[in-house]
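Chemist: Attaching a predicted model along with its sequence, questions to come.
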Amino acid sequence: MAGSRLSLLPGEEVLVDIRPHWTVLLTPLVVASIAVAAGVGLDIGLPRTSVQLHWVEALAVAAPCTWLGVRAVGWMRRGIVLTPYRLFDVRGPGSRNCYEMRLNEIESVVVVRGMFERIIGRGALDLVLVTGEVHTVDDVRKPVVLQRVIDRRLGSVGPVARRPRPRWGR
């Protein structure tokens, strides 16, 4: 997964390596399914049409299917990787964009999710850094579990002056 593409420090191991939640693919999948169903329906309903109309129909079906393919590749290339010392947010289907945070620079981790997201097990993590900057990692599977793992690692990183962590979500 995403951890295999990272250059880790000597002695550093991957503790958590997860992909985003599968609902990232839901919208393109529904649109592509509707486009394919409409294309098949037009082929069955209007069997004797011109070649030009078939080309237009093929383009109308290919666009959402391409969107789904690009989103699926991006989903497979994206990951959240936690090591004993760092947290990576790896993104990008074609290029490798990696946002790296040292655990001793993270002040607190806050889970952000709505009611529907609670039901399906999806959410976002707001990582508040010591500098005051907030980095949001969205589309996280089981964000509360990941928050607990990060909090445990933050407790074992070492003595760093931190303000008390908030224990409430938004």
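Modeler: That came through fine.
Chemist: where does the protein have low pLDDT?
Modeler: The model of the chain has pLDDT under 70 over residues 1-5, 92-96, 156-170.
Chemist: Do you have the strands of it handy? List them.
Modeler: 16-18, 79-82, 86-91, 97-102, 106-112, 122-129, 134-141 (DSSP state E).
Chemist: Highest mean neighbour count out of those strands?
Modeler: Counting by mean count of other Cβ atoms under 10 Å, strand 79-82 has the highest mean neighbour count of these, with a mean of 22. From N, CA and C alone the C-beta is placed, and that goes for glycine too.
Chemist: Run through who's touching it.
Modeler: Here strand 79-82 makes contact (Cβ atoms under 8 Å, 6 or more residues apart in numbering) with 1-3, 6, 14-20, 87-90, 137, 140, 146, 149-150, 153.
Chemist: Adding distance to Ser33, write the strands of the chain out as JSON lines.
Modeler: Below are the strands of the chain laid out as JSON lines (distance: least, Cβ to Cβ, whole Å):
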{"stretch": "strand 16-18", "distance to Ser33": "26"}
{"stretch": "strand 79-82", "distance to Ser33": "26"}
{"stretch": "strand 86-91", "distance to Ser33": "26"}
{"stretch": "strand 97-102", "distance to Ser33": "30"}
{"stretch": "strand 106-112", "distance to Ser33": "30"}
{"stretch": "strand 122-129", "distance to Ser33": "21"}
{"stretch": "strand 134-141", "distance to Ser33": "21"}
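Chemist: among those, which is nearest Cys65?
Modeler: Of all the strands of the chain, strand 134-141 sits nearest to Cys65, with 21.7 Å by Cβ to Cβ.
Chemist: Right, I'll leave it there.
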